[in-house]
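Engineer: Here is my input; please provide its structure:
(chains A and B)
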Amino acid sequence: MKENLERIRSVTSNYNYLKGLLSIPLGLYFLLAAGGIAGWWSLFIPTQEGYPELVIFVALGGLYWGLVQYYKRTFGRVDHSSGNQKKVIFFWFIAIAAIVINNLFNLPVFLLGLAFAGMYFSFYISLKRRVHNLILGVAIAAVSCLPLVSDIEPADKIWGHMGAAFCLVLGGGMMIIGLLDHWLLVRTLPPVPGEEATAPGEAWSHV
Amino acid sequence: MSEPFEEIAGLDKLIHEPARLAILTALSACQQADFLYLQRLTGLTKGNLSSHLSKLEEAALVVVRKTFEGKKPVTYLKLTSQGRQAIEAHWQKLDALRNGSEAWDPE
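Structural biologist: Next up is the predicted model:
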């Protein structure tokens, strides 16, 4: 019984992280950015058809909004304290600082990548040690340290091969992790039963 | 009866009922949750869940807030401070009971 109740507590505490499909639009954006940085397509150059990146932003934003509505209508809503929002703000502050420091001091590693790696390590520690967060953190950290073992120039770090590799690993990893987390949520929260009577105390034993 | 078993019989039945224990445990892990989430989590029907929530509300362990988001009615549940203390105390009792029963010697 205690294990089931611990799982209830864990799923509820981490519910917003388990809405994994919300990572798909952002992951797609990073994959597209990787292609744009690598020169596979011209994302940031206006064409005769208009500004393709604007269309992509709007499309991905629409997809994100649709997925938010899907989770609200299918699984419900859970609100946590503002502590979680403060963590998100803190992380973005760290990310911006990493970009500035990387540009100012020409470091031999990609600091923004290490910041993201740290974020996924913290997810591994706080989210019942889901190992895919650790794997993605290690992959991003490894890519971020490529300048130490390769001939990637410091100037290339964000807008060259370094940035493309980082976006590729991050985008692909976010999408895979998102699917895995969503699958856990679906397994843990089965469909709403019909209106026939359910014996008290038995219905939640699947958790 | 020996002590651990007497204590089991003395557990608060309002909280210890499995569905209500699941509801209170879930609400203790967040600020508030809506009716649909609790229904998905517990697997209870609407009527059954409503019945349990009414009992918890009568005992002042949860607060029920009905609102609208757009035109859609949404019901939010959250623990009262009394409810939060009650579920934490209940968990501590369960842990103490488990430790006591493991140490219990029938001799």
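
Engineer: do whichever strand or helix holds A:Ser122 and chain B meet at all?
Structural biologist: When elements are assigned from DSSP states H and E, A:Ser122 belongs to helix A:111-126. No. Helix A:111-126 stays clear of chain B (Cβ under 8 Å from any Cβ of the partner chain), getting no nearer than 13.0 Å. (C-beta placed from N, C-alpha, C; glycine too.)

Engineer: Now do the helix or strand just after that helix: which elements does it pack against?
Structural biologist: Counting by DSSP H and E, the next helix or strand C-terminal to helix A:111-126 is helix A:131-144. In terms of contacts (3 or more Cβ pairs under 8 Å, 6 or more residues apart in numbering or on different chains; DSSP states H and E), helix A:131-144 is packed against helix A:111-126, helix A:161-188.

Engineer: And these: which comes nearest A:Val68?
Structural biologist: A:Val68 lies closest to helix A:161-188 among these, at 13.3 Å (Cβ to Cβ).

Engineer: angle of that closest one against helix A:131-144?
Structural biologist: 180 degrees (axes from the mean of the first three to the mean of the last three Cα atoms, to 10 degrees).

Engineer: Looking at helix A:161-188 now, give me its mean pLDDT.
Structural biologist: Helix A:161-188 comes out with an average pLDDT of 90.

Engineer: Alongside chain A, which residues does chain B contribute?
Structural biologist: B:17-19, B:21-22, B:25-48, B:52, B:74, B:76, B:94, B:98.

Engineer: try 6 Å this time
Structural biologist: B:18-19, B:22, B:25-26, B:29-34, B:36-37, B:39-40, B:42-45, B:48 (Cβ under 6 Å from any Cβ of the partner chain).

Engineer: Okay, and which of those map to strands?
Structural biologist: B:Gln32, B:Ala33, B:Asp34 (DSSP state E).

Engineer: which non-adjacent residue is nearest whichever residue of chain B sits closest to chain A?
Structural biologist: The minimum distance from chain B to chain A, using Cβ to the nearest Cβ, falls at B:Tyr37 (2.9 Å). The spatially closest residue to B:Tyr37, leaving aside those adjacent along the chain, is A:Gly76, at 2.9 Å (Cβ to Cβ, 6 or more residues apart in numbering or on different chains).

Engineer: and what of A:Leu146?
Structural biologist: A:Ile152 (5.7 Å).

Engineer: What is the burial count for the one you found?
Structural biologist: 17 (other Cβ atoms under 10 Å in any protein chain shown).

Engineer: My read is that it contacts A:Met162, right?
Structural biologist: Yes. A:Ile152 is within contact range of A:Met162, at 5.3 Å (criterion: Cβ atoms under 6 Å).
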